[in-house]
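Colleague: From the sequence below, what's the structure:
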Amino acid sequence: MTRASGRKSIFITGAASGIGAETARYFAKRGWFCGLYDVNTAGLVAVEAEIGSENCLKARLDVRSREDWAAAIKDFSEATEGAMNVLFNNAGIGRHGWFEDITGEDNDAIIDINVKGVVNGVQASLSLLKATSGARIVNTASTAGVVGSPQLAVYSATKFAVRGLTEALDAEFRDLDIRVTSLMPWFIETPILEMGDRDGSNHKMSDQLKENGMNVYPVSMAAERAWDAAHGKDTHFMVGKDAERARFMARWLPGAIQKRVKAGVPPRD
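Modeller: Numbers count the residues shown, from 1 in each chain. This next block holds a predicted model:
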């Protein structure tokens, strides 16, 4: 088994692509040992090849499964001598479309992965985090967790939940020497933007963003902010100027941003 050999370590879910993969590249370049976890094992192999097998440990992990978590934590603990500097709860899915067009099964999956997966991760990792001085939990939320997002209703609800969990645990873990922060991206160039409004749909979220002239930020920016979330003093770390603007308006101009959101809802076919 590859060993951390005294290096700082980060456990990354959703590491096969998008923000998770780019964060692994970013941390590995800075000398960190990376635990790579995802259901997409082919993607994990590709990320391992990029950052070097000596710099990581990889395994299949479905964040909904407590059994998967227990196995992953056991192997990670052996590789890091019982340490975990950062838990990056990043795995997430979404479905874009009108509320009534999204199935109950899809909604269950969104909630189970985006919320229960984060809870499972914290519970499974807590003993390692408690044993590591100055440990961090970084949860990937979203600007959709600051402002309710039409056609992303259930996804948005899960990100509000992640934001609330982050704030509550950051306070609760104060005396455990564990900080809990969140990463709150605007739209980022990741596979999640290719989600359709239903299985087999050719109309993707990325298409609507382009139609509406919305900004999409590079995934490298999210990785840089993940580093900040693992080291900085704030609780929530926004990604992109649009995210910063949304947070400002939600706090100081809530009526104005609600009107803007409603005005931006496209007409139904």
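Colleague: what about the strands in the stretch 151-269 of the chain?
Modeller: Counting by DSSP state E, counting those that start in this stretch, the stretch 151-269 of the chain has strands at residues 178-185, 236-239.
Colleague: mind putting those strands in JSON lines, mean pLDDT included?
Modeller: Putting the strands of the stretch 151-269 of the chain into JSON lines (pLDDT from 0 to 100) gives the following:
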{"stretch": "strand 178-185", "mean pLDDT": "97"}
{"stretch": "strand 236-239", "mean pLDDT": "97"}
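Colleague: Same list (those strands) but as CSV, adding mean neighbour count and distance to Val115.
Modeller: From N, CA and C alone the C-beta is placed, and that goes for glycine too. Listed next are the strands of the stretch 151-269 of the chain as CSV, based on neighbours: other C-beta atoms under 10 Å; distance: least, C-beta to C-beta, whole Å:
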stretch, mean neighbour count, distance to Val115
strand 178-185, 26, 13
strand 236-239, 23, 17
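Colleague: can you redo the ones you listed as CSV with distance to Ala72?
Modeller: Shown next, in CSV, are those (distance: least, C-beta to C-beta, whole Å):
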stretch, distance to Ala72
strand 178-185, 19
strand 236-239, 25
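Colleague: all helices for this structure, in order.
Modeller: Shown for the chain, the helices assigned by DSSP state H span residues 18-29, 41-51, 66-80, 104-111, 117-130, 153-172, 205-211, 219-231, 241-252, 254-263.
Colleague: ok, back up a step: quick check: which of the strands of the stretch 151-269 of the chain is nearest to Val261?
Modeller: Closest approach to Val261 among those (C-beta to C-beta): strand 178-185, 16.5 Å.
Colleague: Show the contacting residues for Ile73.
Modeller: Ile73 makes contact with Ala124, Ser125, Leu128, according to C-beta atoms under 8 Å, 6 or more residues apart in numbering.
Colleague: so which of the strands of the stretch 151-269 of the chain comes closest to Pro266?
Modeller: From the strands of the stretch 151-269 of the chain, taking C-beta to C-beta, the stretch that ends up closest is strand 178-185, at 22.2 Å.
Colleague: neighbouring contacts of that closest one?
Modeller: Contact with strand 178-185 is made by 19, 90, 129-130, 134-143, 145-146, 162-163, 166-167, 169-170, 173, 217, 222, 225-226, 229-230, 232, 234-240, 243, 247, as judged by C-beta under 8 Å, 6+ apart.
Colleague: Check stretch 164-175 too.
Modeller: 115, 118-119, 122, 137, 139, 141, 179-182, 235-236.
Colleague: got the buried residues for it?
Modeller: Within stretch 164-175, the residues that qualify as buried are Leu165, Thr166, Leu169, Asp170, Phe173, counting by 16 or more other C-beta atoms under 10 Å.
Colleague: Would you mind putting these into CSV with pLDDT and distance to Leu253 alongside?
Modeller: Shown next, in CSV, are the buried residues of stretch 164-175 (pLDDT from 0 to 100; distance: C-beta to C-beta, whole Å):
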residue, pLDDT, distance to Leu253
Leu165, 98, 26
Thr166, 98, 24
Leu169, 98, 29
Asp170, 98, 26
Phe173, 98, 32
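Colleague: Listing request: residues of the protein with sub-threshold pLDDT.
Modeller: Along the chain, the parts satisfying pLDDT under 70 run over 191-214.
Colleague: go with 80
Modeller: Screening the chain residue by residue with the criterion pLDDT under 80, one finds the ranges 189-215, 269.
Colleague: coming back round to it: between the strands of the stretch 151-269 of the chain, which gets nearest to Asn107?
Modeller: Asn107 lies closest, by C-beta to C-beta, to one member of the strands of the stretch 151-269 of the chain: strand 178-185, at 21.8 Å.
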